[in-house]
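Chemist: Generate a structure from the sequence data that follows.
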Amino acid sequence: MCGRYVSPAESEIERFWHIGRHNYDPFGRLFNVAPTTQIPLLRQGSEAGVLELAMARWGLIPFWWQKPKPPGFTFNTRIEEAATKPMWREVVRTSRCLVPAAGWYEWEEVEVTDPSTGEIKKVKQPHFLHLPGNRILTFAGVMSSWTSPEGEQLTCSILTRTAEGPAADVHDRMPVILPDDVHSAWIDPKETDGMEALALAHETAVNTVEHHRVNRASTIQGTKARS
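Modeler: Residues are numbered from 1 along each chain as shown. Predicted coordinates:
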C-alpha cells in the first residue's frame, strides 16, 4: 500500500516536467502527505502532449457517488482489480493521471527491548523508500471529478501492486512507479482499453528503489488527515 508519501515542491515538478509557472503562490515540498489531503497531479491538458498541473483530493470519489460521506480507503487502487471493480473500471479507461513524488513510507513490524523493563515489544518501524539518487518518481494514478454540495471536486487514487525488489523487504505492496518514457502513454486519452493501460503499467513498473529507516516520530501512521 501507499498511505504516506513525500510530495515535491511545485518548482521541482515544473522543472522535471518542463511546465511553465501558472501559480503565483507556489507550494513547497510536503514531507508527510496523508489521505484526504489535497495533492498535486499531472494530467493531459487541452492540447495534445501538454501536461497540466492540478490539485486533487487524495482518495477517489467516483462521479456517480451519491452518498454524503465519501467512500473510505480509496486512496490506493489495487492494479489487479482496477479494470473490473465498479469503483475503478471507468476511471482506468478514461481518467488516468501522474502523481509526482519524492518517495513514500512503509512500516515494518520489528521487535525492540524496553530499556526500563527489559520487555520485548513489537513496534512499527517506518522506512522511507525512494529512487537511487533521490530522483523524482511518478506514481500511476487515476482521477475523477465529483460534484459535492460545495461544488465540483477533483479526486484521485494511486495504483499499487505486489512489491518486488528491495521494497519487498519492508512491505508486501508498493505503488506502481512509471518510468519516464511511459508517462505519455499512461495518460493518453486515446487509450480507452483499461486492461491494456494496466498491462503497460505493470510490465514497465520500476522495481529499483532504495530504503532506510526513519524516526518514528516524524511519520505518525494512522493520523487523520485534513480535508
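
Chemist: longest single helix anywhere in the chain?
Modeler: Counting residues, the longest helix in the chain under DSSP state H turns out to be helix 194-204.

Chemist: May I have that helix exported as CSV, CA atoms only?
Modeler: What follows is helix 194-204 as a C-alpha-only set of coordinates in CSV (Å, rounded to 0.1, in the frame of the first residue of the first chain):
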residue,chain,number,x,y,z
GLY,A,194,-8.3,-0.3,-19.3
MET,A,195,-6.7,-3.7,-19.4
GLU,A,196,-4.1,-2.6,-22.0
ALA,A,197,-3.2,0.5,-20.0
LEU,A,198,-2.8,-1.5,-16.8
ALA,A,199,-0.8,-4.1,-18.6
LEU,A,200,1.6,-1.4,-19.8
ALA,A,201,1.9,0.0,-16.3
HIS,A,202,2.5,-3.4,-14.7
GLU,A,203,5.1,-4.6,-17.3
THR,A,204,7.2,-1.4,-17.2
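
Chemist: just the strands in this structure please.
Modeler: Assigned by DSSP state E, the chain shows strands spanning 5-7, 30-33, 38-44, 51-58, 76-78, 96-101, 103-113, 120-130, 137-148, 151-162, 173-175, 210-213.

Chemist: just to revisit the earlier point, contact partners of the longest helix of the chain?
Modeler: With contact meaning C-beta atoms under 8 Å, 6 or more residues apart in numbering, helix 194-204 is reached by 79, 82-83, 89, 92-93, 96, 140, 159, 161, 176, 178-179, 182, 185-186, 191. Bear in mind the C-beta positions are built from the backbone N, C-alpha and C, glycine included.

Chemist: Identify whichever of the strands of the chain lies nearest to Q66.
Modeler: Closest approach to Q66 among the strands of the chain (C-beta to C-beta): strand 137-148, 9.9 Å.

Chemist: Give the buried residues for the helix or strand of the chain with the lowest mean pLDDT.
Modeler: Confidence across the helices and strands of the chain bottoms out at strand 103-113, with a mean of 89, counting by mean pLDDT, DSSP states H and E. Neighbour counts over strand 103-113 (16 or more other C-beta atoms under 10 Å) mark 103-107 as buried.

Chemist: now swap in stretch 66-74 and tell me
Modeler: By neighbour count with 16+ other C-beta under 10 Å, stretch 66-74 contains the buried residues 70, 74.

Chemist: which residues make contact with it from outside it?
Modeler: Under C-beta under 8 Å, 6+ apart, the answer for stretch 66-74 is 59-62, 65, 87, 149, 157.

Chemist: What helices and strands are in contact with the least confident helix or strand of the chain?
Modeler: Identification of packing neighbours for strand 103-113 by 3 or more C-beta pairs under 8 Å, 6 or more residues apart in numbering; DSSP states H and E yields strand 5-7, strand 120-130.

Chemist: For the chain, give me the ranges with low pLDDT.
Modeler: Residues of the chain meeting the criterion pLDDT under 70: 22-24, 217-227.

Chemist: and the residue positioned nearest the centre of it, bridged to which residues?
Modeler: The residue lying closest to the centre of the chain (C-alpha atoms, centre = their mean) is I158, at 3.8 Å. Assessed by DSSP bridges, I158 has beta-bridge partners N76, G141.

Chemist: Isn't it up against I79?
Modeler: No. The pair I158 / I79 is not scored as a contact, 10.4 Å apart, by C-beta atoms under 8 Å.

Chemist: Look up the residues that both of the two are in contact with.
Modeler: V176.

Chemist: between the strands of the chain, which one is nearest to E14?
Modeler: For these, proximity to E14 was assessed by C-beta to C-beta; strand 51-58 is nearest, at 7.6 Å.

Chemist: Having no further points to raise, I will conclude here.
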